[in-house]
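In: My questions are about this predicted structure, shown below with the sequence.
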Amino acid sequence: MADKASIQSVQAKRDEWRRDRRRFFADVLRVRSRDPAATKLVPLVLNPAQESLHRLVEMIEAFNLERTSARAKEDPTVQVSHLPVDVVVLKPRKEGMSTYIEALAFHLCEFSPHTNALLMAHRKDGAQNIGKIAQRFVLAWPQEYAFHKVPMKKSSGDGLEWAMGDAEDEPAWDSRMIVTVGKDEGVARGYDLDFTHLSEVAHFANADAISAAKNAMMPDHYCFEESTANGHDASFYASVQGSLSFEEVYKCWKETGRTPGDWNGKFRFFWAWWQDPHYRLPVSEDEAAWMKQNLDDIETELVSRFGLSMEQLRWRRHTIQTKCSEQGKMSPEDFFRQEYPSEPQEAFVGSGNSIFAPGALKAMRMEADKAKPEWCGYLVVDDRKHVLQMPARANREAAAQTVIWEKPKPERKYIIGADVATGKTDASDGDLSVAIVFDRTDGTRLIEVARFAGKPHTRDFGDIIHWLHKTYGDAYVCCEGNYPGNSTCQRLVELHTSPMYHRKNEERVDNSEDDGFTPGFKTYAHTKALIISMSQQLIQDRGLSLRTVEGIRQHEIFVNENGRLTHPSGETDDYVIATALAVYAHFKAAAPIMALRDLSDKADAEAATRNAGADPWLQAAVKKKIARDQRRALRLRRNGRNTTPAGALVLQS
């Protein structure tokens, strides 16, 4: 039997390990080396990515203690705790995230009796790899610390079990690490989980397994949803989008005393490929000089934004040409962005079926991040059908229903695209009624200057659109005409909103407002394809400038699924449709941007024809105006009057 001094020494060491997880990892846990030439297991010394994630875990624990301590002073029934810790991990391949998370789970089971840890992978081979990592922790435990280990009941590839404490000298521990595959939802239902690791969760085939695991978690828990991206899957993508960085959450809590209202409770952890010191290849001085002179646009941007070296760019080129070219799902460049993202939003490139140019949207997002709104608040329709303006407490775009980036200017021309939702206010209906005001003065570009996004009654939405229409100098309005948009369109007619898009059929464009025309644009499969294709082209040509981050995000995830233009499950496309309606109306329905000049003169007519370019609709509009002005000029000459009428219009050159 061990003497008292030995027992005290063992207990002191275990107390040190309990407090200092890094020391525990390095002293007793052994892992495979990343060096392919290495033949021996090495101590788990955290690499930069693992260290960054570990620091985040410690900050979350400290934040929870600070937050619950503050609440406990006001309410003695509140329990002070460092949990829960919910982290969404978006990362490139081969960063050792699973190894770190398994080590954290092992530490919890080793030092906390009656702990249940679930380690769930997307495929059998992934589960086997996780099982080997956990089993290696036990089998490679250093002999010098043999008496410091709680006895094990089971150590195999499908999990670990700590002793139940049946013998007199054995502690009653009864902890376990359960390793399973994501398709088996029944495993999670059998335990109250203190620790959950969902590995490569974006690739799970069974969403019910994810739900079962999350529902089995205790209130105080650790949960890590870790994965490379897989397009816009319903679970992981939603978790990433709803998560926030620690800095965002902590800043909001310190300033307001509460966490952000639109936060899903999960902290986002992202690690870019270029942060990994291994992802580089040697480059000679001559080769580096040549590369600097021959960078493509993406490489130039990477160097500008992240300070990448030529060694990193060479590794990137090599990986795209080799590993990323060995699959057929998407282009090698898109596959690289998914597997080795340089920033979070570029990871979700879909499966090669994204509609809108990701490079243009990325540049648009960068510009949108710099935009500062002039006014944020709410538009409310009162009982007398007056639109009231209510400023928001904080001038934050993300939290406001209505945002104005540029107030109206008399000399500018504007257009409004509006997508109508049902107006239901329950949380299950995520659709919003969206109206976006664009500055179209340039003629070739649309710049978002204001937007409304909310859940008003459909007729009240008509009042709000009309208010925007009048505020922005009788802006042209193109509103969706499908149900429930027909109710909004009817309200716009009652308010005498003009000019406004009217239709006779989806193939005909006419500004006539006789009784044969109906207000609103109806989106069927073929008309939706038409307006989306125009929006797609304008984005590709860098002719569209969106400032609403949510609007840009919806464009990023909008996809073509077997010929069907749609949004991923659980998402919406309100901003996409509102934008596409404005783009279509700008080019095909609203009056072309004009200047005061007569087209009866031959030289002016030829110049206007050239300025119309290859667009057949603009060419037809110019041709009609030339004929009209020439007829007017002939009539005025016959009457002996001036041939240059006031207010004659021509396309800007």
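Out: Alright, I've got the coordinates. Numbers count the residues shown, from 1 in each chain.

In: what's in contact with the lengthiest strand in the chain?
Out: If you go by DSSP state E, the chain has its longest strand at strand 217-227. Applying C-beta atoms under 8 Å, 6 or more residues apart in numbering, the contact partners of strand 217-227 are 81, 83-91, 97-98, 101, 104-105, 108, 192-203, 214, 235-236, 239, 266. C-betas here are computed from N, CA, C, even on glycine.

In: Select from those residues every entry located in helices.
Out: For these, the ones inside helices are M97, S98, I101, L104, A105, L108, K214, F236, S239, with DSSP state H as the criterion.

In: Which members of those are the farthest-apart pair?
Out: L108 and F236 (23.5 Å; C-beta to C-beta).

In: So between the two, which is more surrounded?
Out: F236 (27 against 18; other C-beta atoms under 10 Å).

In: Tell me who's in contact with that one.
Out: By C-beta under 8 Å, 6+ apart, the neighbours of F236 are V88, V201, A202, E225, S227, A229, N230.

In: same deal with K214?
Out: Per C-beta under 8 Å, 6+ apart, neighbours of K214: T196, C223.

In: Just want to check the distance between it and S227.
Out: Per C-beta to C-beta, to the nearest Å, K214 is found 15 Å from S227.

In: what's the answer for W271, then?
Out: In terms of C-beta to C-beta, W271 sits 12 Å off from S227.

In: thought S325 was touching P332?
Out: Yes - the pair S325 / P332 is scored as a contact, 4.7 Å apart, by C-beta atoms under 8 Å.

In: the more surrounded of these two?
Out: More crowded of S325 and P332, by other C-beta under 10 Å: P332, with 16 against 13.

In: Report the contact partners of that one.
Out: Here P332 is in contact with I320, Q321, C324, S325 (criterion: C-beta under 8 Å, 6+ apart).

In: quick check, nearest of the residues you listed to L544?
Out: I320 (28.3 Å).

In: check contacts around the closest one.
Out: So I320 contacts P332, E333, F336 (C-beta under 8 Å, 6+ apart).

In: can you do 6 Å?
Out: With C-beta atoms under 6 Å, 6 or more residues apart in numbering as the criterion, the residues that contact I320 are P332, F336.

In: so how far is Q11 from it?
Out: 54 Å.

In: which residues in the stretch 1-150 of the chain form strands?
Out: 30-31, 42-43, 85-90, 116-121 (DSSP state E, counting those that start in this stretch).

In: Out of the ones you listed, which gets nearest to D439?
Out: That would be, of the strands of the stretch 1-150 of the chain and by C-beta to C-beta, strand 85-90, which comes in at 35.4 Å.

In: Name every strand pairing with the closest one and say which way it goes.
Out: Next to strand 85-90 in the sheet, as set by DSSP bridges, lie strand 217-227 (parallel), strand 267-270 (parallel).

In: between the ones you listed, which one is nearest to S569?
Out: Closest to S569 of the strands paired with strand 85-90 is strand 217-227 (C-beta to C-beta; 17.2 Å).

In: Now the closest one: buried residues?
Out: M217, M218, H221, Y222, C223, F224, E225, E226, S227 (16 or more other C-beta atoms under 10 Å).

In: hey, what's the fifth one bridged with?
Out: When bridges are taken as DSSP bridges, the partners of C223 come out as D86, T196.

In: Number the chain from 7, please
Out: Okay, residue one is now 7; in that scheme the one you just asked about reads as C229.

In: So it versus A222, what's the distance?
Out: From C229 to A222 the distance is 11 Å (C-beta to C-beta).

In: how about the lengthiest helix in the chain: buried residues?
Out: Assignment by DSSP H gives helix 54-80 as the longest helix of the chain. Within helix 54-80, the residues scored as buried using 16+ other C-beta under 10 Å are 55-56, 58-60, 62-63, 66-67, 69-70, 73-74.

In: What is it packed up against?
Out: For helix 54-80, the packing partners by 3 or more C-beta pairs under 6 Å, 6 or more residues apart in numbering; DSSP states H and E come out as strand 273-276.

In: Export the helix or strand following the strand it packs on to PDB, keeping only CA atoms.
Out: Sequence order places helix 291-299 as the next helix or strand after strand 273-276, per DSSP states H and E. The C-alpha coordinates for helix 291-299 follow below in PDB (Å, rounded to 0.1, in the frame of the first residue of the first chain):
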ATOM      1  CA  GLU A 291      14.300  34.500 -54.900                       C
ATOM      2  CA  ASP A 292      13.900  34.500 -58.700                       C
ATOM      3  CA  GLU A 293      10.700  32.500 -58.500                       C
ATOM      4  CA  ALA A 294       9.300  34.900 -55.800                       C
ATOM      5  CA  ALA A 295      10.100  37.900 -58.000                       C
ATOM      6  CA  TRP A 296       8.400  36.200 -61.000                       C
ATOM      7  CA  MET A 297       5.300  35.300 -58.900                       C
ATOM      8  CA  LYS A 298       4.900  38.900 -57.700                       C
ATOM      9  CA  GLN A 299       4.800  40.100 -61.200                       C
END
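
In: Give me the residues contacting helix 291-299.
Out: Here helix 291-299 has contacts from M316, using C-beta under 6 Å, 6+ apart.

In: swap in stretch 257-275?
Out: Contacts for stretch 257-275 (C-beta under 6 Å, 6+ apart): 59, 62, 66, 92-95, 245, 248-252, 255.

In: Weed out the non-buried ones from those.
Out: Neighbour counting by 16+ other C-beta under 10 Å classes L59, L62, I66, D92, V93, V94, V95, S245, S249, L250, F252, V255 among these as buried.

In: Quick check, pLDDT for the fifth one.
Out: Confidence at V93, expressed as pLDDT, is 98.

In: show me the contacts for it.
Out: Contacts of V93 (C-beta under 6 Å, 6+ apart): F230, F273, F275.

In: Pull up the gap between the first one and L394, please.
Out: Noted for F230: a distance of 46 Å to L394, by C-beta to C-beta.

In: Give me the nearest residue to F31, chain neighbours excluded.
Out: Leaving aside its sequence neighbours, F31 sits nearest to L50 (C-beta to C-beta, 6 or more residues apart in numbering; 4.2 Å).

In: and that neighbour, what does it touch?
Out: F31, L35, V37, A109.

In: these two touch, right, the last one and F30?
Out: When you say that, I think you mean A109. No - applying C-beta atoms under 6 Å, one finds A109 not in contact with F30, separated by 8.4 Å.

In: so where's the stretch 357-506 of the chain uncertain?
Out: 357-359, 399-405, 429, 431-436 (pLDDT under 70).

In: any idea where the strands of it begin and end?
Out: Counting by DSSP E, counting those that start in this stretch, the strands of the stretch 357-506 of the chain are 381-387, 393-397, 408-410, 420-425, 439-445, 452-460, 482-485.

In: How far off centre is the fifth one?
Out: Going back to what we said before, that points to strand 439-445. 21 Å (C-alpha atoms, centre = their mean, to the nearest Å).

In: again, but for the shortest one
Out: Taking C-alpha atoms, centre = their mean, one finds strand 408-410 lying 21 Å from the centre of the chain it belongs to.

In: what do you get for stretch 31-46?
Out: The answer for stretch 31-46 is 36 Å, by C-alpha atoms, centre = their mean.
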